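**Q** Generate coordinates for the sequence data below:
(chains A, B, C, D, E, F, G, H, I and J)
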10 protein chains.
Amino acid sequence: MLFHVEMTVDLPHDMAPARADELKAQEKAMAQQLQRDGVWRHLWRVAGRYANVSIFDVESPAHLHDVLSRLPLFPYMSMEVTALCRHASSVREGDA
Amino acid sequence: MLFHVEMTVDLPHDMAPARADELKAQEKAMAQQLQRDGVWRHLWRVAGRYANVSIFDVESPAHLHDVLSRLPLFPYMSMEVTALCRHASSVREGDA
Amino acid sequence: MLFHVEMTVDLPHDMAPARADELKAQEKAMAQQLQRDGVWRHLWRVAGRYANVSIFDVESPAHLHDVLSRLPLFPYMSMEVTALCRHASSVREGDA
Amino acid sequence: MLFHVEMTVDLPHDMAPARADELKAQEKAMAQQLQRDGVWRHLWRVAGRYANVSIFDVESPAHLHDVLSRLPLFPYMSMEVTALCRHASSVREGDA
Amino acid sequence: MLFHVEMTVDLPHDMAPARADELKAQEKAMAQQLQRDGVWRHLWRVAGRYANVSIFDVESPAHLHDVLSRLPLFPYMSMEVTALCRHASSVREGDA
Amino acid sequence: MLFHVEMTVDLPHDMAPARADELKAQEKAMAQQLQRDGVWRHLWRVAGRYANVSIFDVESPAHLHDVLSRLPLFPYMSMEVTALCRHASSVREGDA
Amino acid sequence: MLFHVEMTVDLPHDMAPARADELKAQEKAMAQQLQRDGVWRHLWRVAGRYANVSIFDVESPAHLHDVLSRLPLFPYMSMEVTALCRHASSVREGDA
Amino acid sequence: MLFHVEMTVDLPHDMAPARADELKAQEKAMAQQLQRDGVWRHLWRVAGRYANVSIFDVESPAHLHDVLSRLPLFPYMSMEVTALCRHASSVREGDA
Amino acid sequence: MLFHVEMTVDLPHDMAPARADELKAQEKAMAQQLQRDGVWRHLWRVAGRYANVSIFDVESPAHLHDVLSRLPLFPYMSMEVTALCRHASSVREGDA
Amino acid sequence: MLFHVEMTVDLPHDMAPARADELKAQEKAMAQQLQRDGVWRHLWRVAGRYANVSIFDVESPAHLHDVLSRLPLFPYMSMEVTALCRHASSVREGDA
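**A** Reported below is the predicted structural model:
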């Protein structure tokens, strides 16, 4: 099932640059693995903001929470979660 | 280029049901044609609300406005438009 | 899976009382049937407002949308939907 | 009587991890004791956020405040409290 | 137990003046009876607005809802309800 | 004349506990003196929050500001002030 | 004593123009009389909006409410009231 | 001097189409005349909304109000006005 | 021309008291000079908050920005600026 | 294509003045270069706030994000991005 998640990152200004780089690299690796696993179905950058819009394909809200709360940047992100379902006018089979 | 649009429909309670049905049928036909044309790339229902989350692939903001303002339900919808771009961590070629 | 839904009812002031009574009776019957079916797990009135807080146990967001959008008062309600999952500190088996 | 409480946790980023772990362990122990006592009737995680939705069964608003303000994480949580009452359409005896 | 309620009245502009006068007279009579009964403990006008701030002394949230929802102007008012309790610094016995 | 004030306290997490205790004790002493003086007419705790709802009986807005700005916790509180007046439906002489 | 009031006018679109003109003429006459009486001390138009910012010099919140609620456009205005007092840095005697 | 104005149009759904067309034609004519006069310096459509972002070059706030309040669609628009000035980093002489 | 400015001060809690006193004294001196110059026409304290409501009489938005951004407390204040103009119902010559 | 961007700067109060000056100088140099390149088409100061309103002329949302995220003050700014298009009533060729 699909969930729409908007994530906004807010790193503390006094975080050491090396620590920030480390977290971002870990976040990227995990994001790419989750995409290859088919869990993180879409990932787009919001133009002009340190934020993304994502579509997750998970088995349950518990699965979604498990995935999101393990993200390395989770403690520094605010999340807005919206449950999606198939639209009666959709012609795209993959967007079930 | 991609734009994220959240549309919320608010039909007046005193609209004649036949008129509402007519508008919805026209909206559905146009939405499906735009999907087949590759312009309305994704269309999902927001669970529990008369609203959708959509991704449009257009040539410009002018193209987007032209598409959205021709929708039969446009006078009865509020729209939130967000410009998207490719995320550095995306592995999905189609989400350029 | 569980979803938290807050529903606020806003009937037009010019709706005929008989029509309002009819809708409310239909809503009550459907709400009670859904409770007996185990789908509408909890239903509480918000003190002082024509609103409720509910917990739904459904198979998917699509199932939730199907249930909510069939409610007789759906066109007159605003809905806030929140996906829930089991809390690591919960001791109550039924709140899975 | 029942109160609906949404709690959002916001730990300072510079809190020592050992202190955070200690507070979370104390919070969990107290939450479980309150559940066993029948005071904290329901406890659900909000998917994707460090937050919960809870139902408390207390003797009075003073009792509720006493319980909430003793929670180890209370200084780091924002709370939204809503008074509930039995819904005329409820068929569940326990949700009095 | 005490609840703080802020009520804002919004009468439709097309309500017949005689109907509005009738509702206001009924509201006043009920408000005064509830004050004499000790249920509506305080009632103040908000300067410059068709709104009031009130303190209710009721047996439960259900009692509060029963009282508020019977008010003749209830369909035309928005309500904000806040549960109160005795403040540790209060010296006023009556504000228990 | 009467003013309704909602005060929310937000102490910095890095304030020394002894300093916090000292400020709270000073605040309590001043609050009780002002109550005995008839200036701070009502003081209630908001259930579940480090906040209060208060009614002040002062000679003028200047008097109110003088009282509030001398409170030991004033630098750590946000205040919402609302001017009240006697309600035409009030039967309580003291709530002039 | 001084109160700052921001008034925003929202006339129903279906009000008869003659009725609107009548109300505006009555409002103007009363506003000018209150200015000559020294009660409505300042009155400015907000550029680009059907709204004003005003300073009232009244004897009490009750006096303010009495003045505002008698304005012919009162049923069609939303009001934001703020209590003012003399600023310690003010050099203008009249702004007491 | 320059003012930034965001205008959002909200025509009543029951306005006769001929009346709406008449107002829009008058609005367009006046907007184009004001542009030729150098008063309405920039005018852009907000993509996806019946709204515009505009820059006005006027002699004073009074001049701005006079221009805006004479627009045929003024009774149906909400306006947000922001005063602008030359930016120290601007290299564009015309944006004084 | 006139601008309405609401300023809210938020000094960091860890600012040295001597530095805060110094800034406040400089702010007061500049505020009084600007009042004597006729630029800062009115200055009122908002009751209960570290905030003021002010009316400035300046030559342009650029002049206003120059004045406000030179205030010693400017880095610690949030500002809301509203352009004013003469109200058609005003009888006070000075409020042009 | 054109995007409207409102940028608000919020430098940490504990940033060293030399570092702030360095960042501002770099920001100014880059802003001026982008203006000369025709990318940053307009740049205005918002009167009374450390904020600007800007119009960017870019090739795509990705181009916009690339430009904005390279600004030296980007980590200290909040951005609101709005996609613009030509208005049917515009007579100004350059505002395509």
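
**Q** What ranges does chain A have for its strands?
**A** For chain A, the strands defined by DSSP state E cover A:2-9, A:40-46, A:51-57, A:77-86.

**Q** what's the angle between the second one and strand A:2-9?
**A** Angle of strand A:40-46 versus strand A:2-9, following axes from the mean of the first three to the mean of the last three Cα atoms, to 10 degrees, is 40 degrees.

**Q** pLDDT averaged over strand A:40-46, what's the number?
**A** In this model, strand A:40-46 has an average pLDDT of 98.

**Q** so does it get close to chain H?
**A** No. Strand A:40-46 stays clear of chain H (Cβ under 8 Å from any Cβ of the partner chain), getting no nearer than 15.5 Å. To be clear about C-beta, it is placed using only N, CA and C from the backbone, and glycine gets the same treatment.

**Q** what's around the closest residue to A:L73 other than its chain neighbours, how many residues?
**A** Nearest non-adjacent residue to A:L73, counting by Cβ to Cβ, 6 or more residues apart in numbering or on different chains: A:E27, 4.8 Å away. Look at A:E27: counted by other Cβ atoms under 10 Å in any protein chain shown, it has 18 neighbours.

**Q** And A:S89, how close does it get to chain C?
**A** 14 Å (Cβ to the nearest Cβ, to the nearest Å).

**Q** before we move on, what about A:D21?
**A** From A:D21 to chain C the distance is 31 Å (Cβ to the nearest Cβ).

**Q** Tell me where the model's unsure across chain A.
**A** In the predicted model, chain A carries pLDDT under 70 at residues A:96.

**Q** so what's the residue nearest the centre of it bridging to?
**A** Computing the C-alpha centroid of chain A and ranking residues by Cα atoms, centre = their mean puts A:S54 first, at 5.1 Å. Beta-bridge pairing for A:S54 (DSSP bridges): A:V5, A:L43.

**Q** which residues does it contact?
**A** A:4-7, A:40-44 (Cβ atoms under 8 Å, 6 or more residues apart in numbering or on different chains).

**Q** Apply 10 Å and report the result again.
**A** By Cβ atoms under 10 Å, 6 or more residues apart in numbering or on different chains, the residues touching A:S54 are A:3-7, A:31, A:34-35, A:40-44, A:68, A:79, B:87, B:90.

**Q** And stretch A:48-59, what's buried?
**A** Neighbour-count burial for stretch A:48-59 flags A:48-58 (criterion: 16 or more other Cβ atoms under 10 Å in any protein chain shown).

**Q** again, but for stretch A:72-87
**A** Neighbour-count burial for stretch A:72-87 flags A:72-74, A:76-77, A:79, A:81-87 (criterion: 16+ other Cβ under 10 Å).

**Q** who in chain A is up against chain D?
**A** A:3, A:5, A:7, A:10-12, A:14-15, A:56, A:58, A:60-69, A:74-83 (Cβ under 10 Å from any Cβ of the partner chain).

**Q** Please repeat the previous calculation with a cut-off of 8 Å.
**A** Taking Cβ under 8 Å from any Cβ as the measure of proximity, chain A contacts chain D at A:3, A:5, A:12, A:15, A:61-62, A:64-65, A:68-69, A:75-76, A:79, A:81.

**Q** List of residues touching the longest helix belonging to chain A?
**A** When chain A is parsed with DSSP state H, its longest helix is helix A:17-36. Contacts to helix A:17-36, defined as Cβ under 8 Å, 6+ apart, come from residues A:11, A:40-41, A:43, A:67, A:70-73, A:76, B:88-92.

**Q** centre of the chain versus it, how much separation?
**A** Counting by Cα atoms, centre = their mean, to the nearest Å, helix A:17-36 is centred 12 Å from the centre of its parent chain.

**Q** Only alpha carbons, please: show that helix as PDB.
**A** Once non-C-alpha atoms are left out, helix A:17-36 reads as follows in PDB (Å, rounded to 0.1, in the frame of the first residue of the first chain):
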ATOM      1  CA  PRO A  17      30.400  19.200   9.100                       C
ATOM      2  CA  ALA A  18      32.100  15.800   9.200                       C
ATOM      3  CA  ARG A  19      29.200  14.400  11.200                       C
ATOM      4  CA  ALA A  20      26.700  16.000   8.800                       C
ATOM      5  CA  ASP A  21      28.500  14.500   5.800                       C
ATOM      6  CA  GLU A  22      28.500  11.100   7.500                       C
ATOM      7  CA  LEU A  23      24.800  11.200   8.200                       C
ATOM      8  CA  LYS A  24      24.000  12.300   4.600                       C
ATOM      9  CA  ALA A  25      26.100   9.500   3.100                       C
ATOM     10  CA  GLN A  26      24.400   7.000   5.300                       C
ATOM     11  CA  GLU A  27      21.000   8.400   4.400                       C
ATOM     12  CA  LYS A  28      21.700   8.300   0.700                       C
ATOM     13  CA  ALA A  29      22.900   4.600   0.900                       C
ATOM     14  CA  MET A  30      19.800   3.600   2.800                       C
ATOM     15  CA  ALA A  31      17.500   5.600   0.500                       C
ATOM     16  CA  GLN A  32      19.000   3.900  -2.500                       C
ATOM     17  CA  GLN A  33      18.800   0.400  -1.000                       C
ATOM     18  CA  LEU A  34      15.100   1.000  -0.100                       C
ATOM     19  CA  GLN A  35      14.400   2.200  -3.700                       C
ATOM     20  CA  ARG A  36      16.100  -1.000  -5.100                       C
END
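
**Q** Contact partners for the residue in chain A that chain G sits nearest to?
**A** Across chain A, no residue is closer to chain G than A:G48, which sits at 27.2 Å (Cβ to the nearest Cβ). Taking Cβ under 8 Å, 6+ apart as the criterion, A:G48 is in contact with B:83, J:3, J:5, J:64-65, J:68-69, J:79, J:81.

**Q** about what we covered before: report the buried members of the contacts of helix A:17-36.
**A** Buried among the contacts of helix A:17-36 by 16+ other Cβ under 10 Å: A:11, A:40-41, A:43, A:67, A:71-73, A:76, B:89-90.

**Q** what's next to stretch A:75-86, contact-wise?
**A** With contact meaning Cβ under 8 Å, 6+ apart, stretch A:75-86 is reached by A:1-12, A:23, A:55, A:64, A:68, A:71, A:95-96, B:44-48, B:53, C:3, C:60-62, C:64-65, C:81-83, D:13, D:47-49.

**Q** same question, stretch A:2-12
**A** The contact list for stretch A:2-12, computed with Cβ under 8 Å, 6+ apart, reads A:20, A:41, A:46, A:49-58, A:61, A:64, A:68, A:73, A:76-85, A:95, B:44, B:46, B:53, C:61, C:83, D:13, D:47-48.

**Q** Please identify the buried residues of it?
**A** Buried positions in stretch A:2-12, judged by neighbour count with 16+ other Cβ under 10 Å: A:2-7, A:11.

**Q** Just the C-alphas of it, formatted as PDB.
**A** C-alpha atoms of stretch A:2-12 as PDB (Å, rounded to 0.1, in the frame of the first residue of the first chain):
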ATOM      1  CA  LEU A   2       1.100   3.500  -0.700                       C
ATOM      2  CA  PHE A   3       1.900   6.400   1.600                       C
ATOM      3  CA  HIS A   4       2.900   9.900   0.600                       C
ATOM      4  CA  VAL A   5       5.600  11.400   2.800                       C
ATOM      5  CA  GLU A   6       7.000  14.900   2.800                       C
ATOM      6  CA  MET A   7      10.200  15.100   4.700                       C
ATOM      7  CA  THR A   8      11.900  18.400   5.700                       C
ATOM      8  CA  VAL A   9      15.500  18.300   7.000                       C
ATOM      9  CA  ASP A  10      16.600  20.700   9.700                       C
ATOM     10  CA  LEU A  11      20.200  20.000  10.800                       C
ATOM     11  CA  PRO A  12      21.400  22.000  13.800                       C
END
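
**Q** How far does that stretch sit from its chain's centre?
**A** Centroid separation between stretch A:2-12 and its chain, computed with Cα atoms, centre = their mean, is 6 Å.

**Q** Right, I'll call it a day here.
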